[in-house]
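A.B. asks: next one to model:
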Amino acid sequence: MRRFDTVIFDLDGTLLDTLEDLADSTNYALRENGFPTRSLAEVQQFVGNGVARLIHLALPARVSPELEAKCLETFKGHYRLHMRDKTGPYPGVPALLERLQADGFRMAVVSNKLDDAVKTLCDHSFGPLVPLALGERPGLRKKPAPDLVLQALRELKAEPTRAVYVGDSEVDLQTAHNAHLPCLSVSWGFRDRAFLQEQGAESVVDTPEELLRLLL
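C.D. replies: Purely as a prediction, here's the structure:
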């Protein structure tokens, strides 16, 4: 019998390459509010803890809370309209999900993105391959708190001892730890293999095909 029958996936940097759209909306918000823009590499380091944290890190130091809130709302408005402009699955990810579904795995996505964005992107990119997608919402703490993962396990009616978490960042490692799940880290996303191993990752995979072999 295989070890796992449930997989909880992170979204950004794990299933979808969302970086360019996140950077475009971040820089739109910065420009509209009179601040210098950020490079793609900078935005890549800022993502992982939700859009409020992304904007906080992208802004210069000592910006007033009111102006920071205004920048965040500017970002949200732009991102809602442009979140699918350049975003798409990483190569091999759709085939991975299709095989897992065919083999009877329960699957869900949990993300620190806004809940409506998570659902829109998953539905557009994966349709019925991702039956459950959860994002930032009232009453549930963001990752690395375990709330979203535990909620996903409840909704899937999954046995936690047979579940695994898959993500691409240090936030995902912490989330898996806090949810008492093993973590499989992917190196194709927003953090590379060396960084993940420095953060304590014990299992790092380089391709969706390698991930599939481990899960099966």
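A.B. asks: Leu114 and Leu134, how far apart?
C.D. replies: Shown here: Leu114 relative to Leu134, a distance of 11 Å by Cβ to Cβ, to the nearest Å. In this view, the C-beta of every residue, glycine as well, is placed from N, C-alpha and C.
A.B. asks: the nearest residue to Asp115 once chain neighbours are set aside: what secondary structure?
C.D. replies: With Cβ to Cβ, 6 or more residues apart in numbering as the criterion, Asp115 has its nearest non-adjacent residue at 3.7 Å, and that residue is Gly135. Going by DSSP: H, G, I helix; E, B strand; the rest coil, the secondary structure assigned to Gly135 is strand.
A.B. asks: switch to numbering from 6
C.D. replies: New numbering, starting at 6: the last item is Gly140.
A.B. asks: is the nearest residue to Phe51 once chain neighbours are set aside in a helix, a strand, or coil?
C.D. replies: In space, Phe51 comes closest to Leu62 once its chain neighbours are excluded; the distance is 4.2 Å by Cβ to Cβ, 6+ apart. Leu62 carries the three-state label helix when classified by three-state DSSP.
A.B. asks: swap in Leu155?
C.D. replies: Here Leu155 is recorded as helix under three-state DSSP.
A.B. asks: roughly how far does it sit from His185?
C.D. replies: Taking Cβ to Cβ as the measure, Leu155 falls 9 Å from His185.
A.B. asks: the more surrounded of those two?
C.D. replies: A side-by-side neighbour count of Leu155 and His185, using other Cβ atoms under 10 Å, places Leu155 first with 18 against 13.
A.B. asks: contact partners for the closest residue to the more buried one other than its chain neighbours?
C.D. replies: In space, Leu155 comes closest to Ala184 once its chain neighbours are excluded; the distance is 6.2 Å by Cβ to Cβ, 6+ apart. Ala184 makes contacts with Pro151, Val154, Leu155, Pro165, Tyr170, as judged by Cβ atoms under 8 Å, 6 or more residues apart in numbering.
A.B. asks: looking at those, which is nearest Leu105?
C.D. replies: Nearest to Leu105 among the contacts of Ala184, counting by Cβ to Cβ, is Tyr170 at 14.2 Å.
A.B. asks: that closest one and Leu186, how far apart?
C.D. replies: For Tyr170, the distance to Leu186 under the criterion Cβ to Cβ works out to 5 Å.
A.B. asks: the residue nearest to Asp120: what's it in contact with?
C.D. replies: If you count contacts by Cβ under 8 Å, 6+ apart, Gly140 has them with Val115, Ser116, Asn117, Lys118, Leu119, Asp120, Asp121, Ala122, Val123, Lys124, Leu153.
A.B. asks: if we use 10 Å, what do you get?
C.D. replies: Going by Cβ atoms under 10 Å, 6 or more residues apart in numbering, Gly140 touches 16, 55, 114-127, 147, 153.
A.B. asks: what does Arg142 give?
C.D. replies: Contacts here follow Cβ under 10 Å, 6+ apart; on that basis Arg142 touches Leu119, Asp120, Asp121, Val123, Asp152, Leu153, Gln156.
A.B. asks: equivalent analysis for Ser116, please.
C.D. replies: Here Ser116 is in contact with 14-17, 19-21, 23, 53, 55, 122-124, 126-127, 138-141, 147-148, 153, 172 (Cβ under 10 Å, 6+ apart).
A.B. asks: sweet, I'm off.
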